[in-house]
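Asker: just to be clear, the model below is a prediction. Sequence and coordinates:
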Amino acid sequence: MPEQHHPADLSPPIGVSYVMPVLNDASHVRAAVGSILEQQYDGPVEVLIALGPSIDGTAELVADLAARDSRVRVLDNEVGSTPAGLNLGIRAASHPVVVRVDSHSMLPPDYAQIAVETLVRTGADNVGGIMDARGETPFERAVALAYTTRVGLGGSAFHVGGEEGPADTVYLGVFRRSALERVGLFDESIKRGQDWELNRRLRDTGGVVWFTPKLAVTYRPRSSVERLARQMFSTGLWRGELARRFPADNGIRYFVPPAMVVGVALGLLLGIGGLVQLAVGAVPWMLAGFAVPLVYVLFVVFATLVYARGRGAATMAWFLAVLPCIHVAWGTGFVLGYLSLTSNIASHTGR
């Protein structure tokens, strides 16, 4: 257990400020806010919604939520990005504990109580748990399954679970506001992966990031292939940028999808070259390149049989498509981000 770095920071009743960046998410935000307001927590609370420029009715929806409950406040996030919204909420927070909330997430009723108790018990700067992805349609269930298996997003503890203890990063996070202020809040130049980067600074300044499987947050996956691909591409893009900026802080698992993308692409090009050789009567040795994409296809089929069997034919079929979608979109984004193309691509995609 880490040393108690903040013995006087938190004293009962401990107030909690929930900070939620929102942008064009009318279909999820009401349920997310509802899960916050239904928390079984005795201390004072406030809900700070950092609203980005939205065109889908989200602005009207959160205004209604604020009108119905005085604990809810809406802040105008003109920049629109997630880190800008988080910083806006943190600066406006009234309480010493900041709970980072996603509009796609559903907090269990005892989330704040367990998190604050863990902050006090461990002396950590940040406490978090598991992203418990759950889908409603066969496609969403396939995405949720990919998120929570090692073949999908790499097997981090906050995806697949693990033992309680210090960690590199956690899902969302419940922070001491003083710790956030110590490291200068979130880096607004990083549009994705800002949680990992912030936790890196917390650890580099002597703080502890603490994982506990007792905290499991229900997460609603993207509902279509297009939305999933866009999410994974953007996430991979910024992960590549972070890997380039902080090479010593990235595990080998981050490089597996981009290596697969490069290998499959080169294999396909070689295989096509082999077809040309065959057509002109030369020895088609480059056909061996097709072995690389073939191995990847066999891997996807094997993973589907291992992880998706028994979950319904539709979910199993979608898993065959979801896994390559995640790997290819994330891996392609990583390669481009690592090549320092993040800013140009993000500006053209509106990310």
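Answerer: That came through, no problem.

Asker: burial count for the nearest residue to residue 37 once chain neighbours are set aside?
Answerer: Spatial nearest neighbour of residue 37, excluding adjacent residues (Cβ to Cβ, 6 or more residues apart in numbering): residue 69 at 6.2 Å. To be clear about C-beta, it is placed using only N, CA and C from the backbone, and glycine gets the same treatment. Neighbourhood size, residue 69 [other Cβ atoms under 10 Å]: 14.

Asker: do residue 329 as well
Answerer: Using other Cβ under 10 Å, residue 329 has 23 neighbouring residues.

Asker: now it: how far from residue 227?
Answerer: 11 Å (Cβ to Cβ, to the nearest Å).

Asker: before we move on, what about residue 184?
Answerer: Using Cβ to Cβ, we find residue 184 at a distance of 32 Å from residue 227.

Asker: okay, now the unreliable bits of the stretch 151-300 of the chain?
Answerer: For the stretch 151-300 of the chain, residues meeting the criterion pLDDT under 70 lie at 154-161.

Asker: which other helices and strands does the strand or helix carrying residue 49 contact?
Answerer: Take DSSP states H and E as the rule and residue 49 turns out to sit in strand 45-51. Using 3 or more Cβ pairs under 8 Å, 6 or more residues apart in numbering; DSSP states H and E, the elements in contact with strand 45-51 are strand 16-22, helix 29-37, helix 58-68, strand 72-76, helix 82-92.

Asker: kindly recompute the last result at 6 Å.
Answerer: Applying 3 or more Cβ pairs under 6 Å, 6 or more residues apart in numbering; DSSP states H and E, one finds that strand 45-51 contacts strand 16-22, strand 72-76, helix 82-92.

Asker: so how far is residue 38 from the residue nearest to residue 37?
Answerer: As judged by Cβ to Cβ, residue 69 and residue 38 stand 11 Å apart.

Asker: how about residue 223?
Answerer: 24 Å.

Asker: these two: which has the busier surroundings?
Answerer: With neighbours defined as other Cβ under 10 Å, residue 223 and residue 38 compare such that residue 223 has more, 15 against 11.

Asker: not counting its neighbours along the chain, what's nearest residue 40?
Answerer: residue 109 (4.7 Å).

Asker: distance-wise, check the one you found relative to residue 263.
Answerer: Residue 109 is 46 Å from residue 263, by Cβ to Cβ.

Asker: now residue 177
Answerer: Look at residue 177 and residue 263: by Cβ to Cβ, they are 45 Å apart.

Asker: what distance separates the longest helix along the chain from the centre of its chain?
Answerer: Identified as the longest helix of the chain according to DSSP state H is helix 313-338. On the basis of Cα atoms, centre = their mean, to the nearest Å, helix 313-338 sits 15 Å off its chain's mean C-alpha point.

Asker: with stretch 245-252 instead?
Answerer: Chain-centre distance of stretch 245-252: 18 Å, with Cα atoms, centre = their mean.

Asker: so which bits of it are buried?
Answerer: By neighbour count on 16 or more other Cβ atoms under 10 Å, the buried set for stretch 245-252 is residue 250.

Asker: check stretch 189-199 too.
Answerer: Quick answer for stretch 189-199 (16+ other Cβ under 10 Å): 190, 191, 192, 193, 194, 195, 196, 197, 198, 199.

Asker: farthest-apart pair in these, please.
Answerer: The widest separation within the buried residues of stretch 189-199, taken as Cβ to Cβ, falls between 191 and 199 and amounts to 16.6 Å.

Asker: quick check: next helix or strand after the strand ranked longest in the chain?
Answerer: The strand that spans the most residues within the chain, counting by DSSP state E, is strand 209-219. The element immediately downstream of strand 209-219 (helix or strand, assigned by DSSP H and E) is helix 225-245.

Asker: pLDDT below threshold where in the stretch 1-150 of the chain?
Answerer: Ranges of the stretch 1-150 of the chain meeting pLDDT under 70: 1-9, 11.
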